[in-house]
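Participant: quick one, what's the 3D model for this:
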Amino acid sequence: MNRSVLLLDAFAVHPGDPVSRALSGVLESAAAGCLPRFAQWLGLPPDEFRRMLDTWFPGAAESGWEPDVPPAEPATLPCEFGDLVEMLWSGRSAGSDALTVRWAAHALACGCFGRTHLWQDMGLSGREDVSKLLSLAFEPVFRANTTDMKWKKFFYHQVCERLDLHPCPEPSCSGCDHFADCHGAEARVDLLQPVSMPPGTKLS
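Facilitator: Sure thing, here's the model as predicted:
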C-alpha cells in the first residue's frame with residue numbers, strides 16, 4: 001500500500017472536510033502502526049471499505065492505495081468497538097447522511113484504540129478537529145459533554161452508562177504524557193438518549 005496520506009488526500013472529493021480528514025488521518029495513522037491493524041480497514045467489511053474509498057477518495061484504489069493487511073473478521077474486533085460505533089450512531093446529527101455518519105463513527109471508534117490523545121491517534125491537528133467533526137455529524141454527542149471531558153474518555157463513559165457497566169474501564173491512553181491530567185475525578189456526564197435506527201441499518 002502507498003502509505004502517504006498526501007496521496008490519499010489528493011483524491012479527496014471534499015479536501016479539508018472534517019469527515020474526509022478523519023478518514024484519511026485514521027488510515028494514515030493505522031498504516032504507520034499507531035493504531036491496531038483492523039483500523040487499516042476502519043473495522044469495515046471489505047466491500048464497504050472500498051465503497052467508502054470510492055465515495056470519498058475516488059481513484060485512490062485504482063492508484064494502488066489499499067490496506068496492506070487482510071481485513072479483520074468481525075468476531076476478532078475488540079468487544080467495545082461495536083459499542084463505541086453504536087453509541088456514536090445513536091447520537092448522530094439530525095438529517096445527516098447515514099453512510100457518512102457510519103464511516104465517521106468507525107473512524108472515531110478506531111481512533112479510541114491508540115495510546116495518546118484521540119486527535120493525535122486520528123492523525124488530526126488538534127482536539128478542535130475532533131470537536132468540529134462531532135458538532136457537525138454527532139451534535140447530540142458533542143452537546144452532551146458538558147464538563148469538557150476528553151473525548152476518548154467521554155466516549156467510554158457514554159458506553160458504560162448505556163450498558164450500566166461500573167466501574168467503567170478506561171480507554172488506552174498509557175502512551176500519553178497527559179494521562180494523569182485526563183484521568184482525575186470528573187463530574188458525572190449526561191447520558192445520551194438513544195434514537196431509533198432506520199430499518200436494515202447494520203452496525204459492526
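
Participant: what about the helices in this protein?
Facilitator: For the chain, the helices defined by DSSP state H occupy 5-10, 18-31, 46-56, 79-90, 98-111, 118-121, 127-137, 139-144, 151-163, 179-182.

Participant: can these go into CSV with extra columns for mean neighbour count?
Facilitator: (Glycine included, C-beta is placed from N, CA and C.) CSV is the format used below for the helices of the chain (neighbours: other CB atoms under 10 Å):
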stretch, mean neighbour count
helix 5-10, 17
helix 18-31, 24
helix 46-56, 16
helix 79-90, 20
helix 98-111, 24
helix 118-121, 22
helix 127-137, 18
helix 139-144, 18
helix 151-163, 21
helix 179-182, 12
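
Participant: closest to Pro71 out of the ones you listed?
Facilitator: helix 46-56 (4.9 Å; CB to CB).

Participant: now for the closest one, which elements pack on it?
Facilitator: helix 18-31, helix 98-111 (3 or more CB pairs under 8 Å, 6 or more residues apart in numbering; DSSP states H and E).

Participant: for these, which has the smallest mean pLDDT value?
Facilitator: Ranked by mean pLDDT, those bottom out at helix 18-31, which scores a mean of 94.

Participant: let's have the helices of the chain in a markdown table, adding distance to Trp65.
Facilitator: Formatted as a markdown table, the helices of the chain follow (distance: least, CB to CB, whole Å):
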| stretch | distance to Trp65 |
| --- | --- |
| helix 5-10 | 6 |
| helix 18-31 | 9 |
| helix 46-56 | 7 |
| helix 79-90 | 23 |
| helix 98-111 | 16 |
| helix 118-121 | 20 |
| helix 127-137 | 22 |
| helix 139-144 | 30 |
| helix 151-163 | 27 |
| helix 179-182 | 34 |
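
Participant: tell me which of the ones you listed sits nearest to Ser63.
Facilitator: When the helices of the chain are compared (using CB to CB), the closest one is helix 5-10, at 7.2 Å.

Participant: now the closest one: average pLDDT?
Facilitator: Predicted confidence along helix 5-10 averages 71 (mean pLDDT).

Participant: what stretches of this protein score poorly on pLDDT?
Facilitator: 1-7, 165-204 (pLDDT under 70).

Participant: now do the contacts for the residue nearest the centre of it.
Facilitator: The residue lying closest to the centre of the chain (CA atoms, centre = their mean) is Leu108, at 1.1 Å. By CB atoms under 8 Å, 6 or more residues apart in numbering, the residues touching Leu108 are Ala22, Leu84, Leu88, Leu118, Met122, Val130, Leu133, Leu134, Phe155.

Participant: these into CSV, with extra columns for distance to Cys112?
Facilitator: Converted to CSV, these look like this (distance: CB to CB, whole Å):
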residue, distance to Cys112
Ala22, 13
Leu84, 6
Leu88, 10
Leu118, 7
Met122, 9
Val130, 11
Leu133, 14
Leu134, 13
Phe155, 6
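
Participant: good, we can wrap up now.
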